[in-house]
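**Q** just to be clear, the model below is a prediction. Sequence and coordinates:
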Amino acid sequence: MLTLIYLIAITAEAMSGALSAGRRNMDIFGVAVIAFVTALGGGTVRDVILGHFPIGWTQHPEYVGLVVFAGLLTMLLAPQMHKLRRVFLLLDAMGLVAFSLIGCDVALRMGYALPVVVMAGMITGICGGVLRDVLCNQVPVVFQRELYAMVSLVVCCLFLGLRALEVNQALNTVLSFAVGLTLRMLAIWRCWRLPTFSYQQRWD
Amino acid sequence: MLTLIYLIAITAEAMSGALSAGRRNMDIFGVAVIAFVTALGGGTVRDVILGHFPIGWTQHPEYVGLVVFAGLLTMLLAPQMHKLRRVFLLLDAMGLVAFSLIGCDVALRMGYALPVVVMAGMITGICGGVLRDVLCNQVPVVFQRELYAMVSLVVCCLFLGLRALEVNQALNTVLSFAVGLTLRMLAIWRCWRLPTFSYQQRWD
Amino acid sequence: MLTLIYLIAITAEAMSGALSAGRRNMDIFGVAVIAFVTALGGGTVRDVILGHFPIGWTQHPEYVGLVVFAGLLTMLLAPQMHKLRRVFLLLDAMGLVAFSLIGCDVALRMGYALPVVVMAGMITGICGGVLRDVLCNQVPVVFQRELYAMVSLVVCCLFLGLRALEVNQALNTVLSFAVGLTLRMLAIWRCWRLPTFSYQQRWD
């Protein structure tokens, strides 16, 4: 089940990467790279930081094929993408939540302390988008826009909280997933944002 | 002793990260991430490059808490920060020197060759600031401003030189620290810079 | 033989890094860092992703010396560099092809699946240039310009194809190298490009 959601998630992330590449007028190779990095970069950073080798996608080259294909397909679908806006945001939200839960799971299996588990979940959830934005030469949107990374944090904490209460793992996953997805969709719908910090003084 | 200086150092680095995030109008989550990356990113890159797993902060989640707290606190202190300019630059310089010495120490324990030890020191000292600037979408200041990375190089070489002369480790650390701190403060005070390289021809 | 080409390659890459640093008016330290990252960053990223520790250059500190020296020398040669344009592009193309073959070789020895081997070759070939451009705060040129990364892909696939046909390794290397170099020089000469993807709609 989580695998299916994971496949949907990396596809949605790959498409978001391809659109970002298109905004920079990249060639089809650039589109494929950005799609790959957006979809699988978060898990790669997590695995490197946790010392979890071999890295996930090296054992599943078919995932690489999927995200590259999704990225290239996006070039054809692009003129219609804005009509699919809502579907796309839903898939992207599912991706964020699924990535967060998978990241927690990997770190838990490796025996890391709970704060590190939460960070592993968040790294998996948001680093793909951060790498996408760095490669497209812009300030990462996850640090500026409506609740995104915070959803990842909430999902990870909820999952660990229910786990500490010895809730059944499958039920826990479903609950965390549902809460995270709802929170993200509400955040988009109501434009919930975190307060921002603006500091323009120059002195160093 | 070096641990205390290390804690001061990561706090100062976290605050510098938070101010950079503020210049990009990030939300509080972005502030926390940039603070974390600036403070602990250098050590993370060093550990990954040296293959030194598990990575430092995963074994000390309290450091993550400290730097996130310092980053968020900076949002409150920001209006007064320019008054604290000198204290802040001093703390930042202490951080640079402490990071460099700690980086050398990690690489030495792992048995790397001396040039790699020097690079490990410099990576620890400057990569946090480089990552901060990349995430804030600007050219890293350490490559352009008054002596900063060069201080790290001098500290690492001095430390290894005194070590080769079999100077007592504690004395060596104190001496290297003092020289590095003095050099950095002089560089700020006298605006010492390295020569720059300007190349504007376009041909490729 | 491949070692000699490798040394030429990292020298050429270091020089390209130094010129990029010069376009950003970096100081000599920044020039040295960008030269290092451009020349050895691709191999570093490959080694980290494959979990191939210790990382190549940590076992050959003399390579670090070479690329830093090449970077600094470029500052002196810069006024004449445009006269050397053709030589430089040839060296850079040799670097791209050599890096790709070396990357494949490392992944093959580690027993990775063939798609991962191809990716290891491409990562080695192009990541140095990507890191250079990210640190110089621009969109990576390899995602936008005439056939570059595609050359790396062709070289890796050809190499693996001939290997599957049990062609002698030395002959295979020479053939793959020749085809890759020819393809890259033709691409520069005839301005071959991949189609680009342009997407300017804003909706998320």
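**A** Now that the structure is in, tell me what you want to look at.
**Q** right, is the longest helix seen in chain A up against chain C?
**A** In chain A, taking DSSP state H as the definition, the longest helix is helix A:85-109. Yes - Helix A:85-109 reaches chain C (CB under 8 Å from any CB of the partner chain) through A:85, A:88, A:89. In short, each C-beta sits where N, CA and C put it, glycine included.
**Q** what do you get for stretch A:111-127?
**A** No - counting by CB under 8 Å from any CB, chain C is not contacted by stretch A:111-127; separation bottoms out at 13.9 Å.
**Q** between the residues of helix A:85-109 next to chain C, which is nearest chain C?
**A** residue A:85 (5.5 Å; CB to the nearest CB).
**Q** I'd like the average pLDDT over stretch A:157-164.
**A** On average, the pLDDT along stretch A:157-164 is 96.
**Q** ah, wrong one, I meant stretch A:94-102
**A** 91.
**Q** re earlier: among the residues of helix A:85-109 next to chain C, which ones are buried?
**A** Among the residues of helix A:85-109 next to chain C, those scoring as buried are A:88, A:89 (criterion: 16 or more other CB atoms under 10 Å in any protein chain shown).
**Q** which among the residues of helix A:85-109 next to chain C gets closest to chain B?
**A** Chain B has its nearest neighbour among these in residue A:89, at 18.9 Å by CB to the nearest CB.
**Q** just the helices in chain A please.
**A** Using DSSP H, helices in chain A cover A:2-23, A:28-50, A:61-81, A:85-109, A:114-135, A:149-164, A:169-190.
**Q** mind putting these into CSV with distance to chain B?
**A** Output for these, formatted as CSV (distance: least, CB to the nearest CB, whole Å):
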stretch, distance to chain B
helix A:2-23, 14
helix A:28-50, 6
helix A:61-81, 22
helix A:85-109, 9
helix A:114-135, 4
helix A:149-164, 5
helix A:169-190, 12
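**Q** nearest to residue B:11 among those would be which one?
**A** With respect to residue B:11, and counting by CB to CB, the nearest of the helices of chain A is helix A:114-135 at 17.8 Å.
**Q** from the contact counts, what lies against the closest one?
**A** Helices and strands touching helix A:114-135, by 3 or more CB pairs under 8 Å, 6 or more residues apart in numbering or on different chains; DSSP states H and E, are helix A:2-23, helix A:28-50, helix A:85-109, helix A:149-164, helix B:61-81, helix B:114-135, helix C:114-135.
**Q** my guess is residue A:22 contacts residue A:75. True?
**A** Yes - between residue A:22 and residue A:75 there is a contact at 7.2 Å, judged by CB atoms under 8 Å.
**Q** shared neighbours, the two?
**A** Residues touching both residue A:22 and residue A:75 (CB atoms under 8 Å, 6 or more residues apart in numbering or on different chains): A:31, C:197.
**Q** so who does the residue nearest to residue A:23 when sequence neighbours are not counted touch?
**A** Spatially, and ignoring its direct neighbours in sequence, residue A:23 is nearest to residue C:199 (5.7 Å; CB to CB, 6 or more residues apart in numbering or on different chains). Residue C:199 sits next to A:19, A:22, A:23, A:78, A:81 when contact means CB under 8 Å, 6+ apart.
**Q** one more pass at 6 Å, please.
**A** Counting by CB atoms under 6 Å, 6 or more residues apart in numbering or on different chains, residue C:199 touches A:19, A:22, A:23, A:78.
**Q** out of those residues, the closest to residue B:98 would be?
**A** Among the contacts of residue C:199, residue A:23 lies closest to residue B:98 (CB to CB), at 41.5 Å.
**Q** and that closest one, how many neighbours?
**A** Residue A:23: 15 surrounding residues under other CB atoms under 10 Å in any protein chain shown.
**Q** distance-wise, check it relative to residue B:113.
**A** 45 Å (CB to CB, to the nearest Å).
**Q** likewise residue A:197?
**A** Counting by CB to CB, the gap from residue A:197 to residue B:113 is 43 Å.
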